[in-house]
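> Here's a sequence, model it:
(chains A and B)
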Amino acid sequence: MADNRLRYGAHNLTDPQLKDLRAAYAGQQAISDNRGYQYLAGLHGVPGFWCWHHQGNARTAKHRQLFLPWHRAYLYHFEMGLRDRVSAATLPWWDWTLRPPRQTGLPDAFAVAKVGGQPNPLASFKVNLPNTNPPVVGQTKRQPGVPGDLPTQADIDDALSRGDWIDFGMALEQLHDSVHGWVGGFMGQVPVAAFDPVFWAHHCMIDRIWWLWQVKNGNANIPADLLDIPLAPFNMKVRDVLNVTDLGYDYAAGGAKVAVGGVS
Amino acid sequence: MARAAKTPRRRYDPPRRGGVGKIYTSGRVDITFAGPEHRTYRVDLMIDGIEHGGPSYRGFVFLNNPGATDKTPRDLENGYAGVFDIFAHGGCMGDPGHCEVNEHKREVYDFRNPNPLTPARKRVTVTETIRELAKRQKTATVTIVPVITAMNSLCETRDVFKCEELSFVAYN
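Numbers count the residues shown, from 1 in each chain, chains lettered A, B, ... in the order given. This is a model prediction of the structure:
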């Protein structure tokens, strides 16, 4: 799709792409109003508590299936906020299935504490919520597990093999939950997870896997009665987020612009 | 005019890893549905009504091994069947009453979103382990070893795994 922006793997970012991403994160983190990082991260858990995860009983049979659509709308808004800061920036996805030497656990882009002598905006964020109960004030922290414990390609293939929407969603959400626990620290708890900058790359991977499933299975088996449920607080319904190309993006493993003109 | 009760203020410490919560073992359950005479191609352990307000954890599932711990090898020989992860809330991040689910008290015309702490459901595919067991016995126990991945001082860390219902579902 010529007009779609591309989301790349975090392990494949070129230097200019990484520079744009860091500048966009840093710009967003410096804003304290409702365009800023803290506001957007705070929609997921404390203080907003809008996110949808694994609730499940007879009363929430539909709502429990909003995990994937809600987070797609959330990523979309976050990415648009990044692009308000740096127009070329797009969200990268963290491919947790990669093993050494290609990647050891967290992507390097998000793991290094400092870049050029300055704090890496992809490594940590200083939360400042003095009025919540309890107050949450301080830098996000991680406590990663052993790289071999991250999900494998076989785990993803197993999830993708499940043609039923609910079965697939549960399998993918299990991989999602396991990675939150693997990163540990702030990422390990729903109310504060989104303050960790790697949250977005993790969810980008989840969104990508859902898109791969949609390319294979289509949307016909997504229950029709889900389609008009609003994805609050965003101005979108489930049907609005089914096609990523309608949202202006697509996924790519890597790529480079080819200069045209001036060829001798 | 009556004054509102003062809200207790608490301290938030960054989440950290924890140890092993209380290990759960069920009573014996009939597993003949997974025997070789049946054409079962997949068996799931459905875990319903899981509380997720406390620590986040990995729940390692063992069949017919009530002595399993976090040190037990995770292989067929020891009845290891799979794992589920609970990405939880880590204690209440609000004023008193914030984390009371109260689903049973809701009015029919209450169209507000359900409480985010409505109990969860997880499904663990246990096909290979239960098939092997069913070749030689008619019943088995279910043991769940919860290993805490994120906790802090806001959450209770002993009774980590709590659920309302466990059931096997076999497909053929």
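> just the helices in chain A please.
Along chain A, counting by DSSP state H, helices occupy A:15-29, A:37-44, A:67-85, A:108-111, A:153-160, A:165-183, A:198-217.
> Quick check: buried residues in the fourth one?
Neighbour-count burial for helix A:108-111 flags A:109-111 (criterion: 16 or more other Cβ atoms under 10 Å in any protein chain shown). In short, each C-beta sits where N, CA and C put it, glycine included.
> what's the pLDDT at whichever residue of the stretch 151-264 of chain A sits closest to chain B?
Closest approach between the stretch 151-264 of chain A and chain B, counting by Cβ to the nearest Cβ: A:Gly188, at 2.6 Å. If you check A:Gly188, the pLDDT there is 98.
> Run through the residues that contact it.
Residues counted as contacts of A:Gly188 (Cβ atoms under 8 Å, 6 or more residues apart in numbering or on different chains) are A:143, A:180-181, B:15, B:56, B:87, B:90, B:149-150.
> Widest-spaced pair of those residues?
Spanning the widest gap among the contacts of A:Gly188 are A:Gln143 and B:Phe87, at 14.8 Å by Cβ to Cβ.
> Which one of the two is surrounded by more residues?
More crowded of A:Gln143 and B:Phe87, by other Cβ atoms under 10 Å in any protein chain shown: B:Phe87, with 26 against 17.
> Let me see the contact set for the more buried one.
A:53-54, A:176-177, A:180-181, A:188-190, A:193, B:52, B:56.
> which of the residues you listed lies closest to A:Met170?
A:His54 (8.1 Å).
> Phi and psi next, for the residue lying closest to that closest one once chain neighbours are set aside.
Computed as Cβ to Cβ, 6 or more residues apart in numbering or on different chains, the closest residue to A:His54 that is not its neighbour in sequence is B:Ala120, at 4.0 Å. As for B:Ala120, its main-chain torsions (degrees, to the nearest 10) stand at phi -90, psi 170.
> can you tell me how far B:Ala120 sits from A:Asp149?
If you measure B:Ala120 against A:Asp149 using Cβ to Cβ, to the nearest Å, the figure is 22 Å.
> More neighbours: these two, which one.
B:Ala120 (25 against 16).
> got a list of what the more buried one touches?
Counting by Cβ under 8 Å, 6+ apart, B:Ala120 touches A:53-56, B:49-52, B:86.
> and residue 93, how many neighbours?
Just going to use chain A. What A:Trp93 shows, counting by other Cβ under 10 Å, is a neighbour count of 25.
> actually chain B
B:Met93: 24 neighbours (other Cβ under 10 Å).
> thinking again about what came up before, mean pLDDT and distance to chain B added to the helices of chain A, as CSV?
Converted to CSV, the helices of chain A look like this (pLDDT from 0 to 100; distance: least, Cβ to the nearest Cβ, whole Å):
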stretch, mean pLDDT, distance to chain B
helix A:15-29, 97, 18
helix A:37-44, 98, 10
helix A:67-85, 97, 11
helix A:108-111, 97, 18
helix A:153-160, 97, 8
helix A:165-183, 96, 3
helix A:198-217, 97, 11
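> okay if I get those as JSON lines plus distance to B:Tyr24?
Formatted as JSON lines, the helices of chain A follow (distance: least, Cβ to Cβ, whole Å):
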{"stretch": "helix A:15-29", "distance to B:Tyr24": "42"}
{"stretch": "helix A:37-44", "distance to B:Tyr24": "30"}
{"stretch": "helix A:67-85", "distance to B:Tyr24": "26"}
{"stretch": "helix A:108-111", "distance to B:Tyr24": "36"}
{"stretch": "helix A:153-160", "distance to B:Tyr24": "25"}
{"stretch": "helix A:165-183", "distance to B:Tyr24": "18"}
{"stretch": "helix A:198-217", "distance to B:Tyr24": "29"}
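> so which of those helices comes closest to B:Arg11?
Nearest of the helices of chain A to B:Arg11, taken as Cβ to Cβ: helix A:37-44 at 19.4 Å.
> Which strands or helices does the closest one pack on?
helix A:15-29, helix A:67-85, strand A:126-129 (3 or more Cβ pairs under 8 Å, 6 or more residues apart in numbering or on different chains; DSSP states H and E).
> Any buried residues in the first one, and which?
The neighbour-count criterion (16+ other Cβ under 10 Å) identifies A:17-18, A:20-29 as the buried residues of helix A:15-29.
> Nearest to A:Pro197, out of those residues: which one, please.
A:Tyr25 (6.2 Å).
> residues touching that closest one, list them.
Contacts of A:Tyr25 (Cβ under 8 Å, 6+ apart): A:37, A:82, A:121-122, A:197.
> got it, and A:Pro121?
Per Cβ under 8 Å, 6+ apart, neighbours of A:Pro121: A:22, A:25-26, A:29, A:197.
> try 6 Å this time
A:Pro121 makes contacts with A:22, A:25-26, A:29, as judged by Cβ atoms under 6 Å, 6 or more residues apart in numbering or on different chains.
> next one: B:Arg58
B:83, B:85, B:147.
> ok so it is a helix residue?
No - under DSSP: H, G, I helix; E, B strand; the rest coil, B:Arg58 falls outside any helix and is assigned strand.
> Give me the nearest residue to it, chain neighbours excluded.
Using Cβ to Cβ, 6+ apart, the closest residue to B:Arg58 is B:Val147 (4.9 Å).
> how many neighbours does the one you found have?
19.
> One more: the one 4 residues further on?
The number of residues packed near B:Met151 is 26, by other Cβ under 10 Å.
> Please name the residues that touch the nearest residue to it once chain neighbours are set aside.
Counting by Cβ to Cβ, 6+ apart, B:Pro55 is the residue found nearest to B:Met151 once chain neighbours are left out, at 3.8 Å. Neighbour list for B:Pro55: B:148, B:151, B:155, B:157, B:160 [criterion: Cβ under 6 Å, 6+ apart].
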